[in-house]
Every structure is written in structure tokens, then in C-alpha cells.
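*Asks:* Compute the structure for the input listed below.
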Amino acid sequence: MCSSDLLDPGQQRYTSHYTVTTGEGVHELDVSFRYAGMGELDLMARLAGLTPRDRWGDWSGGPVHGSSVYHVSCYQLDGAEGRDRG
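*Replies:* Model prediction:
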């Protein structure tokens, strides 16, 4: 598999182009999406009635810092603290 990425910070767009070689031949796939920063996600969550619960710099629970490329943000419904999640 081979991939290339295109980032457009002004439009908050990210596009990945993949070339995959299988026994059935060569296949190309483009994946394009819009991304949101932590502040924008927090605003959308607040407008939806959610409050921040946790935020990490990676899936291992590492800290978020100024140079973090990734983050994992968890939110909960307002007033849901202590409620059964089951």
C-alpha cells in the first residue's frame, strides 16, 4: 500500500490518497474529510448539552501539549456524572 496526504488548513480539509495492490490488481481510494480543532469540538459539544470529561494526547492516555498532533476528547451529558453508563 502506498499513500499520500494533502492538508488544507485554511479550509480544515484533509485528503488521503491510497494505492493498494492486491491479488486482484491495483485499486485507488481517496478519503477526504473536514477536521475540527479542540476549541471547535468543545463549542459544538457545549451547544449539544455536553460537558468535557477527559482529554488526552493519544489513545494511551498521554498528555495534551502545545505540539500535540492528535487528541482524544470525551464528553458527557450535562448532569450525567455518576449515572450508570450501561
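
*Asks:* Is L43 in a helix, a strand, or coil?
*Replies:* Secondary structure state of L43, per DSSP: H, G, I helix; E, B strand; the rest coil, is helix.

*Asks:* what does the one 3 residues further on give?
*Replies:* At R46, secondary structure determined by three-state DSSP is helix.

*Asks:* For G39, see how far away it is.
*Replies:* Separation of R46 from G39 (Cβ to Cβ, to the nearest Å): 11 Å. For every residue, glycine as well, the C-beta is placed using N, CA and C.

*Asks:* higher neighbour count, those two?
*Replies:* Set R46 next to G39 and count neighbours by other Cβ atoms under 10 Å: R46 wins out with 13 against 8.

*Asks:* how distant is stretch 38-58 from the center of its chain?
*Replies:* With Cα atoms, centre = their mean, to the nearest Å as the basis, stretch 38-58 stands 12 Å off its chain's centre.

*Asks:* Next, the buried residues of that stretch.
*Replies:* Neighbour counts over stretch 38-58 (16 or more other Cβ atoms under 10 Å) mark 41-42, 45, 50, 55-57 as buried.

*Asks:* Most widely separated two among these?
*Replies:* L50 and G57 (20.5 Å; Cβ to Cβ).

*Asks:* packing partners for the lowest-mean-pLDDT helix or strand in the chain?
*Replies:* Counting by mean pLDDT, DSSP states H and E, the weakest-scoring helix or strand in the chain turns out to be strand 2-8, with a mean of 76. Contacts defined by 3 or more Cβ pairs under 8 Å, 6 or more residues apart in numbering; DSSP states H and E place strand 2-8 against strand 13-22.
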